[in-house]
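1. Sequence plus the predicted model coming up.
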Amino acid sequence: DAGVTQSPTHLIKTRGQQVTLRCSPKSGHDTVSWYQQALGQGPQFIFQYYEEEERQRGNFPDRFSGHQFPNYSSELNVNALLLGDSALYLCASSQSQKEYEQYFGPGTRLTVT
Amino acid sequence: GQSLEQPSEVTAVEGAIVQINCTYQTSGFYGLSWYQQHDGGAPTFLSYNALDGLEETGRFSSFLSRSDSYGYLLLQELQMKDSASYFCAPSGTYKYIFGTGTRLKVLA
């Protein structure tokens, strides 16, 4: 049973560019959440998707957007990249009935130069 | 408002017992989760408390007091592999809040 997978593993972008990160949830999971984790910090909640709708959003600007597909996979898009967007981006999936039990993917390390 | 407090670092020896405390403030509190994260790895779910009291899962136990907005993670029979960061994550109206976590160092 595959766990949560994310692609790409690493990414280097230039300020002002746009990036799309991808996530496939664990089998049987229908809810996907995205987090940003800076070095030495805990994960910061970006948003959560359920039934292809953004259900909740953290304190992130509109440059951060997402999408969930009918197969529950999800994308995170970040526009107009800033140097401060450099971080590890984590995707976590869960069952809607057990939302508190989140399974995290290995993350995508984004570096903005 | 929202706030979360955990000790930044705890050190203990192999075989010992360690308690990591967590105090929180969040709107619409549902419950308290605990996650472990090794350096370079992703967080892994350890436990969840929705009700007051102690939940035991093997060597790990987690406690919650809703009236005190307080919880703790208890790790028994510490092993070297337990060296990691531990996050409490209260869930509520604003979904999941992770603080900076507690870095546990287990010494031989």
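-> Sure, I can see it.
2. Now do the same for A:Q97: helix, strand or coil?
-> helix (DSSP: H, G, I helix; E, B strand; the rest coil).
3. Surely B:S61 is in a helix?
-> No. Read with three-state DSSP, B:S61 is strand and lies in no helix.
4. Could you check how far the nearest residue to it once chain neighbours are set aside is from chain A?
-> Excluding the flanking residues, the one nearest B:S61 by Cβ to Cβ, 6 or more residues apart in numbering or on different chains is B:L74, at 4.4 Å. Using the backbone N, CA and C atoms, a C-beta is placed for each residue, glycine as well. Shown here: B:L74 relative to chain A, a distance of 19 Å by Cβ to the nearest Cβ, to the nearest Å.
5. who's in contact with the closest residue in space to B:S83 that isn't next to it in sequence?
-> Sequence neighbours aside, B:V106 is the residue nearest to B:S83 in space, at 4.7 Å (criterion: Cβ to Cβ, 6+ apart). Applying Cβ atoms under 8 Å, 6 or more residues apart in numbering or on different chains, one finds that B:V106 lies in contact with B:11-14, B:78-80, B:82-83.
6. Out of these, flag the one nearest to B:L32.
-> Of all those, B:D82 has the smallest distance to B:L32: 19.7 Å, by Cβ to Cβ.
7. Quick check: chain neighbours aside, which residue is closest to that closest one?
-> B:V106 is the one closest to B:D82 (Cβ to Cβ, 6+ apart), at 5.3 Å.
8. So what pairs up with that neighbour in the strands?
-> B:A12 (DSSP bridges).
9. How much space separates it from chain A?
-> 20 Å.
10. cool, and B:Q37?
-> Taken as Cβ to the nearest Cβ, the span from B:Q37 to chain A is 9 Å.
11. Next up, the contacts around that residue.
-> B:43-44, B:84-87, B:101.
12. Could you identify the most distant pair in the residues you listed?
-> B:T44 and B:G101, at 13.0 Å, using Cβ to Cβ across these.
13. From the contact counts, what lies against the least confident helix or strand in chain B by mean pLDDT?
-> Least confident element among the helices and strands of chain B, by mean pLDDT, DSSP states H and E: strand B:95-96 (a mean of 76). Contact partners of strand B:95-96 among helices and strands, from 3 or more Cβ pairs under 8 Å, 6 or more residues apart in numbering or on different chains; DSSP states H and E: strand A:44-50.
14. What's the first helix or strand after the strand it packs on?
-> Downstream of strand A:44-50, the first helix or strand assigned by DSSP states H and E is strand A:53-57.
15. count of neighbours near the residue in chain B that chain A sits nearest to?
-> Nearest residue of chain B to chain A (Cβ to the nearest Cβ) works out as B:F98 at 3.4 Å. The tally of other residues near B:F98 (other Cβ atoms under 10 Å in any protein chain shown) stands at 22.
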